[in-house]
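Novice: Attaching a predicted model along with its sequence, questions to come.
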Amino acid sequence: MQAFVSKRAVTPDGIRPAAILVDGERIQAVVSPDEISPESHEIHDFGEAAILPGLVDSHVHINEPGRAEWEGFETATRAAAAGGCTMLVDMPLNCLPPTSSVLALEAKRQAARGKCHVDWGAWGGVVHDNQQDIEALARSGVRGFKCFLVDAGIDGFTMVTEAQLRSALPHVARTGLPLLVHAELPAPIHLAIEKLADADWNSYSTYLRSRPDAAELAAIRLMLALCREFGFRLHLVHLATAQALPELQSARSEGLPVTVETCPHYLHLHSETIANGDTVKKCAPPIRGHENREALWQGLREGIIDMVVTDHSPCPPAMKRLAEGNFQTAWGGIASLSVALPLMWTEASARGFSLLDLTNWMSAAPARLAGCQARKGKIAAGYDADFAVFDPDSDFIVSEERLHYRHPVSPYLGETFRGIVQATYLRGNCVFHGGVFPSTPQGREFANEAKS
Ligand SMILES: [Zn+2]
């Protein structure tokens, strides 16, 4: 039996000295370090480094099959392993075909075979015309569904109107799975863009004005009303506007089944410091102002925002239009799988949060969303032996070599982050250690319990 020992194991009961006993792929028990011995255990002693439950990232764009030149299972799951993440859930829109039918889901499984360094799952798409595929996708093992209320900006994945949503929602509700919603409505965006006819698209403030808070607020109001009416599990992806927090708070008090995520970039960057032409920081909804950023942190503190996941959304570097610096034509998306944990620790520790807060936001809550909370997201008996070994006291400078995903493009290059992922274990096996990936890909799809 293996024993993973640390003075700072991050368990649901708190951060404490512990020996985590692992039999095969699962945690058998969490005991005091003086209860183990070299005679009966293969001991991995990490000393002062913390052992966290492996992160679960429920918002990742892998692009394979069909757009593997953007990102692929091999590179995305390497970056995940390097970032202390042991389970990710892939978004349905960037691949071809998009994951909006069972046939497309099977194509994705085929594309993933033998390439994954961490475990993964799939979200299914809800698009304008696939209402009849929703329940079949659920039976085939998707973790839930994703839809866009505004143009997704990519060929092959259509947005849904309110009328189309209304015909999809009874199916979604019957599955019991969550519907993840990109919550921006087109009308406020069109209105804003009309006023920007002569604006300078090299300026970040033009882009920011083109995607106003009002677009998010209107979409969130619509979704809360539909959630009340149809009784499905609503999840709002990448909340960027803090103005929605009071309404989300009252939706919670009312008992609506709504969860909310935000992303590392909204909690770290802010619009006042984004230089003209710096399209590497373009994403949608946009990164807003400094005050808004602090209000999002307050939303986490108050538990209105449940989780922090990356929205890892890479593209070929040319699509970022870095040479022209045009915010209108550049691809909107930020890749951060490999550095999300240190970024978050840098910001969270400065605000008095603990590693336990971090694992609640980045492991336990996304595991619940993805329906893998009985096996992932916690260090406890019966759970998968998924660990991130994390030195919270050292720092490093973000460099291209540390990114590990397909194209080393990042808004964080050159920044100093606190905390280093020393090693990552997937179901008891080391999948990342000191910058290298020691094993062949052993990641599996997390589908229905019966299948796994
Ligand atoms: Zn996304």
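Specialist: Perfect, I can see it now.

Novice: switch to C-alpha atoms for all contacts and neighbour counts from now on
Specialist: Fine.

Novice: Just give the closest residue to Gln249, not the sequence neighbours.
Specialist: Excluding its sequence neighbours, the residue lying closest to Gln249 (Cα to Cα, 6 or more residues apart in numbering) is Ile304, at 5.9 Å.

Novice: mind listing what the one you found touches?
Specialist: Counting by Cα atoms under 8 Å, 6 or more residues apart in numbering, Ile304 makes contact with 245, 248-249, 252, 260.

Novice: what's the answer for Met1, then?
Specialist: 21-24, 40-42.

Novice: Identify the farthest-apart pair in those residues.
Specialist: The two members of the contacts of Met1 with the most space between them (Cα to Cα) are Gly24 and Ser40, at 14.7 Å.

Novice: Show me which of those two is the more surrounded one.
Specialist: Gly24 (14 against 10; other Cα atoms under 10 Å).

Novice: Now do the closest residue to Arg288 other than its chain neighbours: how many residues are near it, please.
Specialist: Closest residue to Arg288 apart from its sequence neighbours, by Cα to Cα, 6+ apart: Ser271 at 5.1 Å. Close neighbours of Ser271, defined as other Cα under 10 Å, add up to 18.

Novice: Kindly report the same for Arg406.
Specialist: 21.

Novice: and it, what element?
Specialist: Arg406 belongs to no helix or strand when assigned by DSSP states H and E.

Novice: wait, what's in contact with it?
Specialist: 69-72, 75-76.

Novice: before we move on, back to that, neighbour-wise, which of the contacts of Ile304 leads?
Specialist: Highest neighbour count within the contacts of Ile304: Val260, with 24 neighbours (other Cα under 10 Å).

Novice: Helices of the stretch 151-300 of the chain, residue ranges please.
Specialist: Along the stretch 151-300 of the chain, the stretches classed as helices by DSSP state H, counting those that start in this stretch are 162-175, 186-194, 204-210, 213-230, 245-253, 264-268, 290-301.

Novice: closest one to Thr86 among those helices?
Specialist: With respect to Thr86, and counting by Cα to Cα, the nearest of the helices of the stretch 151-300 of the chain is helix 264-268 at 17.7 Å.

Novice: Any regions of the stretch 201-350 of the chain where pLDDT drops low?
Specialist: Applying pLDDT under 70 to the stretch 201-350 of the chain flags no residue at all.

Novice: The strand or helix carrying Val5 pairs with which strands, and in what direction?
Specialist: Using DSSP H and E, Val5 sits in strand 2-11. Strand 2-11 has the following strand partners under DSSP bridges: strand 14-23 (antiparallel), strand 42-45 (parallel), strand 50-53 (parallel).

Novice: Relative to the whole chain's centre, how far out is it?
Specialist: Averaging C-alpha positions (Cα atoms, centre = their mean, to the nearest Å) puts strand 2-11 25 Å from its chain's average.

Novice: mean confidence for that strand?
Specialist: Regarding strand 2-11, the rounded mean pLDDT is 98.

Novice: Does the nearest residue to Pro186 once chain neighbours are set aside belong to a helix, a strand or coil?
Specialist: Spatially, and ignoring its direct neighbours in sequence, Pro186 is nearest to Val150 (5.3 Å; Cα to Cα, 6+ apart). Following DSSP: H, G, I helix; E, B strand; the rest coil, we place Val150 in the coil state.

Novice: tell me the contacts of Val150?
Specialist: Residues in contact with Val150 (Cα under 8 Å, 6+ apart) are 159-160, 182-186.

Novice: if we can go back for a sec, out of the helices of the stretch 151-300 of the chain, deepest packed?
Specialist: Sort these by mean neighbour count, taking mean count of other Cα atoms under 10 Å, and helix 264-268 sits at the top with a mean of 23.

Novice: what does that helix rub up against?
Specialist: Helix 264-268 is touched from outside by 240, 287-288, 293-294, 296-297, 308-310, 334, 340, 343-344, 347, with contacts defined as Cα under 8 Å, 6+ apart.

Novice: If we only consider those, which is nearest to Phe417?
Specialist: Taking Cα to Cα as the measure, Phe417 lies nearest Leu343 of the contacts of helix 264-268, at 5.8 Å.

Novice: give me the element Phe432 is part of.
Specialist: Phe432 is located in strand 429-433, with elements delineated by DSSP H and E.

Novice: list the helices and strands that strand packs on?
Specialist: Identification of packing neighbours for strand 429-433 by 3 or more Cα pairs under 8 Å, 6 or more residues apart in numbering; DSSP states H and E yields helix 73-82, strand 416-426.
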